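Participant: for reference, the sequence and a predicted model appear below.
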Amino acid sequence: PGNIRALRKGKHQWYQKFMKQCPSGQLTLHEFKKILGLHDMNPQANMYVEQVFHIFDMNQDGFIDFLEFIAAINLVIRGKIDQKLKWYFKLYDADGNGCIDKKELLSIFTAIQAINGHTNMSAEEFTNMIFQKIDVNNDGELTLEEFISGVEKDKDLMELITKSFDLSNVLKVIQNGRRHSI
């Protein structure tokens with residue numbers, strides 16, 4: 001509830017911040033990093049932020065306009081769980097082929113660890129555990145269906161994914177510049 005209140009109050013602030021940083025009303029990747037207060041990131045964190053940018057850029061024109069920006073922030077803070085899972089899936093599916101393989105999951109989790117800096121398992125352990133639990137046909141790839149139904153069925157996994165990939169926390173950590181090297 002605190003988040004939602006902050007968002008309602010914050011929408012106006014976001015708009016002001018957005019228009020101040022970005023009078024054209026269109027945010028480039030560089031400006032996106034600036035508006036979130038991101039600079040001097042390690043390569044993993046940088047890759048993650050670029051991936052987030054490309055997902056926020058819904059029409060893939062290389063810019064985030066204000067509506068895309070607010071839609072993304074809304075989803076991050078208020079989205080329904082299956083919307084978020086779809087979003088996470090897009091985030092992990094780095095090459096956009098509709099499947100997540102171990103390498104993609106490993107690299108995104110490594111990037112998130114680089115930003116969050118607090119997890120009780122290594123990126124390898126996390127990746128192996130996810131595949132063990134939800135790669136039903138053992139083909140080494142997760143489809144969107146496998147991912148969503150696997151995570152929704154497993155309460156612990158759901159909690160783990162939501163916590164470690166909760167972008168509102170990630171964005172906060174990024175904004176406060178509290179980044180740890182791995």
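Facilitator: Cool, got the structure.
Participant: mind listing what the residue with the largest distance to the centre of the chain touches?
Facilitator: Residue farthest from the centre of the chain, counting by Cα atoms, centre = their mean, is residue 137 at 26.3 Å. Residues in contact with residue 137 (Cβ atoms under 8 Å, 6 or more residues apart in numbering) are residue 146. For glycine as for every other residue, the C-beta is placed from the backbone atoms N, C-alpha and C.
Participant: that one in helix, strand or coil?
Facilitator: Look at residue 137: counting by DSSP: H, G, I helix; E, B strand; the rest coil, its state is coil.
Participant: just to be sure, residue 121 is in a helix?
Facilitator: No. With three-state DSSP as the criterion, residue 121 is located in coil rather than a helix.
Participant: pretty sure it contacts residue 130?
Facilitator: No. Between residue 121 and residue 130 there is no contact under Cβ atoms under 8 Å: 10.7 Å.
Participant: quick one, which of the two is more surrounded?
Facilitator: Neighbours were counted for residue 121 and for residue 130 using other Cβ atoms under 10 Å; residue 130 has more, 24 against 14.
Participant: can you tell me the helix or strand for that one?
Facilitator: helix 123-134 (DSSP states H and E).
Participant: partners of the next helix or strand after that helix, with directions?
Facilitator: Note on helix 123-134: by DSSP H and E, the next helix or strand toward the C-terminus is strand 141-143. As defined by DSSP bridges, the strand partners of strand 141-143 come to strand 99-101 (antiparallel).
Participant: contacts for the partner strand?
Facilitator: 89, 92, 93, 140, 141, 142, 143, 147.
Participant: assign a three-state SS to the first one, would you?
Facilitator: For residue 89, the reduced secondary structure class is helix; criterion used: three-state DSSP.
Participant: shouldn't it be in contact with residue 148?
Facilitator: Yes. With contacts counted by Cβ under 8 Å, residue 89 reaches residue 148, the gap being 7.3 Å.
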